[in-house]
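> Fold the following and give me the result.
(one chain, ligands or ions: 1)
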Amino acid sequence: MRGQSAAKLGIGVVGCGNISMTYLRNAALFGEVELRACADISPDVAALRASEYGIRAVSVDALLADPEIDLVLNLTIPAAHFDISFSALSAGKHVFTEKPLATSARDGRRLVAEAAERRLLLGSAPDTFLGAAGRQARRLMDDGAIGRAVTGTAFMMGRGMEHWHPNPQFYYQPGGGPVFDMGPYYLTMLVNLLGPVARVMAMATRGQEERLITAEGPYRNTSFKVGTPTNILSLLEFHSGATVTFGASWDVFRHSNHPIELHGTEGSLRLPDPDTFGGTVSLSERGADWADFSSESELYGARNWPYAAPDRANYRMLGVADLSRALISGRKPRASGDLALHVLEIMEAILASGESRESVAVNATVDQPPLLQEDEAASLLA
Ligand SMILES: NC(=O)c1ccc[n+]([C@@H]2O[C@H](COP(=O)([O-])OP(=O)(O)OC[C@H]3O[C@@H](n4cnc5c(N)ncnc54)[C@H](O)[C@@H]3O)[C@@H](O)[C@H]2O)c1
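Numbering: from 1, shown residues only. Coordinates of the predicted model:
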């Protein structure tokens, strides 16, 4: 249900840190959503954001009780995602949350069940698969450009966070690690293209028992213990029969692996970094040279971020705009809680398999979200 006061979906942001600036700025792109208030555990941070974007700063409780707020946009840290989203649903608000949906599949299931029981919509980042490259890849897959997908690879590899993040310790404890932090982008894109995952096998190690913080800040030149695997290689078996290698590592200085490649009975498809909305998708038909599909001139594909000197496409908030339209049309949002829950189940299964060294079934399943058609994508713009 929308607030009585206006036709637009009234948004209240909870969590006014780093990523909130992207959402707050991008909100103006979309015609059916309206920023109304923001809140943070730190009132000063909320007041700063409110003054920057011309909205009201309120307490979290006041935001949840505010009749002008139809949807709570949860941009808090992962450990707070469940509590804030559950409270918002309990207060009768629709929810869109940053990733991951929750830090355990058990909590994720509770959120999905609560939203369903209250007939509220629950959406979750990432919405990058709705960007220009994600839509292009999905159209090619749906058109049968590579035939039946047989195999593929997905790699998220880097050196981790301690070289740039002043306070990186939490990334290296249970609930953190490269699978939970970055896995949602890769796995959501794969499920969008290939459908649900049935079973996983994984091996998980850590390249270093301790890490040295070299970033500027209060902890510079101090070390901390690593409490979770930082190097995970996994095999994903999709219900379709496709099998994909997914590697996520913070123990890699440099590499040449493509973010995602899929290979089918008729050809091969190469995708750009799924943490962005743009980039180039490439198709090889039966071994021919790669044909490139650039996103630059496509909707939600042009470089717009960082704002001072854009080098990538960042249209976070697109998933919220799609959810808003879903509310009007009586359909499910594409970046749905169900999809995020399936991704959470896959991530949990990967880590469980890494521990047990046995394959782990992913019990729940999900439908592939329907392709976001170009005319509908355009109609979301203000
Ligand atoms: N920073 C990025 O580039 C980025 C990119 C994509 C996704 N994300 C995701 O966005 C989320 C937030 O990341 P961030 O980098 O903005 O973190 P951040 O630490 O900069 O901001 C989080 C904010 O949430 C507030 N907060 C924490 N617990 C709260 C609570 N219980 N109630 C109210 N406010 C609370 C904090 O005070 C802080 O201002 C994370 O889930 C992260 O995975 C971040």
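
> burial measure for R106, as a count.
11 (other CB atoms under 10 Å). C-beta here means a position set from N, CA and C on the backbone, and glycine is covered the same way.

> What strand or helix carries it?
Taking DSSP states H and E as the definition, one finds R106 inside helix 105-117.

> Show me which positions of that helix end up buried.
Residues 105, 107-112, 114-115 are the ones in helix 105-117 that count as buried (16 or more other CB atoms under 10 Å).

> N167 contacts Y219, correct?
Yes: between N167 and Y219 there is a contact under CB atoms under 8 Å: 6.7 Å.

> Who has more neighbours out of those two?
Neighbours of N167 and Y219, each counted by other CB under 10 Å, are more numerous for Y219; the result is 18 against 13.

> and the closest residue to the more buried one other than its chain neighbours, what is it in contact with?
Leaving aside its sequence neighbours, Y219 sits nearest to I213 (CB to CB, 6 or more residues apart in numbering; 4.6 Å). Neighbour list for I213: 162, 166, 168, 219-224 [criterion: CB atoms under 8 Å, 6 or more residues apart in numbering].

> Count residues in the vicinity of I84, would you?
I84: 23 surrounding residues under other CB under 10 Å.

> Highest neighbour count among the contacts of I213?
When neighbours are counted by other CB under 10 Å, E162 leads the contacts of I213 with 23 neighbours.

> For it, list the residues it contacts.
Residues near E162 by CB under 8 Å, 6+ apart: 168, 211-215.

> where does the stretch 251-382 of the chain dip in pLDDT?
Applying pLDDT under 70 to the stretch 251-382 of the chain flags no residue at all.

> Which residues of this structure lie near the ligand?
Counting by CB under 6 Å from any ligand atom, the positions of the chain adjacent to the ligand are 14-20, 40-42, 45, 60, 75-78, 80, 84, 98-99.

> any chance of the contacts of E162 in JSON lines, plus secondary structure?
Listed next are the contacts of E162 as JSON lines, based on DSSP: H, G, I helix; E, B strand; the rest coil:
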{"residue": "P168", "secondary structure": "helix"}
{"residue": "R211", "secondary structure": "strand"}
{"residue": "L212", "secondary structure": "strand"}
{"residue": "I213", "secondary structure": "coil"}
{"residue": "T214", "secondary structure": "coil"}
{"residue": "A215", "secondary structure": "coil"}
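
> In terms of model confidence, name the weakest of those residues.
Ranked by pLDDT, those bottom out at P168 (91).

> before we move on, back to that, please identify which of the contacts of E162 is nearest to P126.
P168 (21.2 Å; CB to CB).

> The closest one and T214 touch, don't they?
No: look at P168 against T214 with CB under 8 Å: they stay out of range, at 10.0 Å.

> Compute the number of surrounding residues for I41.
I41, neighbours per other CB under 10 Å, totals 15.

> how does this protein divide into domains?
Per the record, the chain has its domains at 9-124, 129-296+335-370, by automatic domain parsing.

> Quick check: bridge partners of L233?
As for beta bridges, L233 partners with M203, G247 under DSSP bridges.

> List the contacts of it.
The contact partners of L233, by CB under 8 Å, 6+ apart, come to 202-204, 245-247.

> Show me the contacts of I213 that map onto helices.
Using DSSP state H, no member of the contacts of I213 falls within helices.

> Could you identify the most distant pair in these?
P166 and S223 (14.8 Å).

> ok, which stretches of this structure are helices?
Taking DSSP H as the test, the helices found in the chain are 20-26, 43-53, 60-65, 78-90, 105-117, 132-142, 177-194, 318-329, 337-356, 374-379.

> I would like the residues contacting the last one, please.
Applying CB under 8 Å, 6+ apart, the external contacts of helix 374-379 come out as 130, 135, 299-300, 325.

> Check the stretch 151-300 of the chain for the residue nearest the ligand and tell me.
D181 (6.5 Å; CB to the nearest ligand atom).

> And H255, how far from G183?
Separation of H255 from G183 (CB to CB, to the nearest Å): 17 Å.

> which parts of stretch 261-271 are buried?
Along stretch 261-271, these residues count as buried under the neighbour rule (16+ other CB under 10 Å): 261-264, 267-271.

> Keep only those of those that are in strands.
Among these, the ones falling in strands (DSSP state E) are 261-264, 267-271.

> ok so, going back, residues contacting the residue of the stretch 151-300 of the chain closest to the ligand?
D181 makes contacts with Y171, as judged by CB under 8 Å, 6+ apart.

> pLDDT value on it, please?
Looking at D181, its pLDDT is 95.

> ok, now how distant is it from T103?
11 Å.

> now swap in A321 and tell me
Distance from A321 to T103, by CB to CB: 27 Å.

> more neighbours, those two?
Legend: neighbour count by other CB under 10 Å for A321 and T103, higher for A321 (27 against 19).

> what's the neighbour count on S356?
As a burial measure, S356 scores 11 neighbours (other CB under 10 Å).

> cool, E216 as well?
Neighbour tally, E216, other CB under 10 Å: 9.

> any idea how far it is from K225?
Counting by CB to CB, the gap from E216 to K225 is 22 Å.

> Kindly report the same for Y23.
Distance, Y23 to K225, using CB to CB: 34 Å.

> okay, those two: which has more neighbours?
In this view Y23 and K225 are compared by other CB under 10 Å, and Y23 has more residues nearby, 22 against 11.

> who's in contact with the more buried one?
Counting by CB under 8 Å, 6+ apart, Y23 touches 13, 73, 75, 316-317, 320.
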